[in-house]
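Asker: Next come a sequence and a model predicted from it.
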Amino acid sequence: RCDSITFDCACQEGYSGADCTLMTCPTGRSWFTIPSSENDDAHLKLTECSDMGTCNRDYGECECASGFEGAACQYLRCPGADGEGPCTNHGECLSLKFLAEASTDNGVATDVTYGATPNDKYRWDFEAIRGCKCQAGWGG
């Protein structure tokens, strides 16, 4: 709906632009927004395509930069994902949160956590960064 005097348009959700014909893309936590002050929690800000992709406004879909995936480019791809398969098919691709929970010390489970505190600005990436939990006999 557009104002006939100011010509400002209030677009329906999912659309933007002067005439509301451009689709918006999914948002995720920004990978590299610059803080505007000392108290700014830059990585907690939601940005289109998580600042790691380009929005295709015709379809409302993110085209992610190399090494990133997800509807909003919010995930770092696991090693090997572009070739043989995540973790070169010899492990399980897990977030930092789940890798911490699965950690062991000489085969004994630890009580290590990562991202257990909601909205922790220092561990904003607990679901975003992924790594491999290798199968027995494999490592790297």
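Answerer: Structure received.

Asker: in stretch 106-115, what counts as buried?
Answerer: The neighbour-count check on stretch 106-115 (16 or more other C-beta atoms under 10 Å) flags 114-115 as buried. From N, CA and C alone the C-beta is placed, and that goes for glycine too.

Asker: Nearest spatial neighbour of residue 12, chain-adjacent residues omitted?
Answerer: Leaving out its chain neighbours, the residue that sits closest to residue 12 by C-beta to C-beta, 6 or more residues apart in numbering is residue 20, at 6.8 Å.

Asker: whoops, I mixed them up, residue 68
Answerer: Nearest non-adjacent residue to residue 68 (C-beta to C-beta, 6+ apart): residue 52, at 4.5 Å.

Asker: Okay, now stretch 44-55: how far is its last residue from its first?
Answerer: Using C-alpha to C-alpha, to the nearest Å, one end of stretch 44-55 lies 20 Å from the other.

Asker: neighbouring contacts of stretch 69-88?
Answerer: 25-29, 48-50, 52-53, 61-62, 64-65, 67-68, 89, 93, 127-134, 140 (C-beta atoms under 8 Å, 6 or more residues apart in numbering).

Asker: got a list of contacts for the helix-or-strand element of the chain with minimal mean pLDDT?
Answerer: When each helix and strand of the chain is scored by mean pLDDT, DSSP states H and E, strand 104-105 comes last, with a mean of 85. With C-beta under 8 Å, 6+ apart as the test, strand 104-105 has contacts from residue 110.

Asker: for stretch 24-32, same thing?
Answerer: Looking at stretch 24-32 with C-beta under 8 Å, 6+ apart, the contacting residues turn out to be 14-16, 42-53, 55-57, 60-62, 68, 70-74, 124-125, 128.

Asker: for it, which positions count as buried?
Answerer: 25-31.

Asker: per-residue confidence at the residue nearest the centre of the chain?
Answerer: The centre of the chain sits closest to residue 74, judged by C-alpha atoms, centre = their mean, with a distance of 1.4 Å. pLDDT for residue 74: 95.

Asker: Ok, residue 37 next?
Answerer: Looking at residue 37, its pLDDT is 66.

Asker: Please enumerate the strands of the chain.
Answerer: 15-16, 22-23, 27-29, 46-48, 53-56, 61-64, 68-69, 75-76, 91-95, 104-105, 108-109, 130-134 (DSSP state E).
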